[in-house]
Each structure stands twice: as C-alpha cells, then as structure tokens.
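Undergrad: Kindly return the folded structure for what I paste below:
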Amino acid sequence: MQRLKSLLGLVVVIGAFYLAWVLIPPYYNNYSFQDEIDNQARNAVYAYQTTEQDVKEALSKKAKELEIPLSPDQIHVQKTGNEISIWAEYTISVQTPVKTFDLTFSPSTKNKRI
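TA: Numbering: from 1, shown residues only. Here you go, the predicted model:
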C-alpha cells in the first residue's frame, strides 16, 4: 500500500511539472507582449511622427517573434491628441494528452502625455 501511495504521489508531481512546462510559456509570452505594448504606447504618445500603422506593424512583428497568433487586424491602436490606447485579444490552444486548453489573452494599455 505504501508503494502505491508513493507511485501515485510521483505521478501527481510529474503531471504538475508537465502542466507547468506546457502552460507557462503562453503566459510568459503574453507578459512579454504586454511589456512591448506598454513600451510602444510610451514611445508613440511622445513621438508625433509615429502613426497608428507604425505601432501596429511593430507590435505585429513582436507578436510573430513571440509566436503569438495575432494578425495586424487584431491589434487596435487609437491615437488622439495627447493619448494613445492599444488593445488586442487572442486565443492560444494548448494541447495535453488529456485535454485541450484554450487560453484567451487581452493585453491592453492606455497612455497619456504629461
């Protein structure tokens, strides 16, 4: 009986490590993409020559770099006077042997010139 408990405990620990191995990268990539959105917003609000299209292209390039399934049409940029808003929404499917998880992310930011 003790051996069975030990084996079951080992299976649970291995399963937890596997889930972490599979689920952490999409969350980390979303965090990195959110950081890039914040940087782009800070830069674009003070750079008058930066257009909404420039911001979209830079973010689309970063999304591709991070392997985030996001097209330029899914990235929304609204620049008005002293303010810029950037938002996007995307879903990533993570497959495990038992279940497929659909993770939905909505990175966004709003920045205002001081």
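
Undergrad: Could you look up the SS state of the residue nearest the centre of the chain?
TA: Using CA atoms, centre = their mean, the residue of the chain that lies closest to the mean C-alpha position is N30, 1.8 Å off. Secondary structure state of N30, per DSSP: H, G, I helix; E, B strand; the rest coil, is helix.

Undergrad: How about H76?
TA: At H76 the chain is in strand, as set by three-state DSSP.

Undergrad: With the one 3 residues further on instead?
TA: Three states are possible here, and by three-state DSSP the one that applies to K79 is strand.

Undergrad: what's the burial count for it?
TA: Close neighbours of K79, defined as other CB atoms under 10 Å, add up to 19. Every C-beta, even on glycine, is put in place using the N, C-alpha and C of the backbone.

Undergrad: F101 is in contact with L23, isn't it?
TA: Yes. Taking contacts as CB atoms under 8 Å, F101 lies within contact range of L23: 7.2 Å.

Undergrad: joint contacts of those two?
TA: The overlap between the contact sets of F101 and L23 (CB atoms under 8 Å, 6 or more residues apart in numbering) consists of V94.

Undergrad: just the strands in this structure please.
TA: Along the chain, counting by DSSP state E, strands occupy 75-80, 83-88, 90-95, 100-105, 108-112.

Undergrad: tell me the most buried of those?
TA: Mean neighbour count (mean count of other CB atoms under 10 Å) peaks for strand 83-88 among those, with a mean of 19.

Undergrad: Now do it against strand 108-112, angle only.
TA: Following axes from the mean of the first three to the mean of the last three CA atoms, to 10 degrees, one obtains 170 degrees for the angle between strand 83-88 and strand 108-112.
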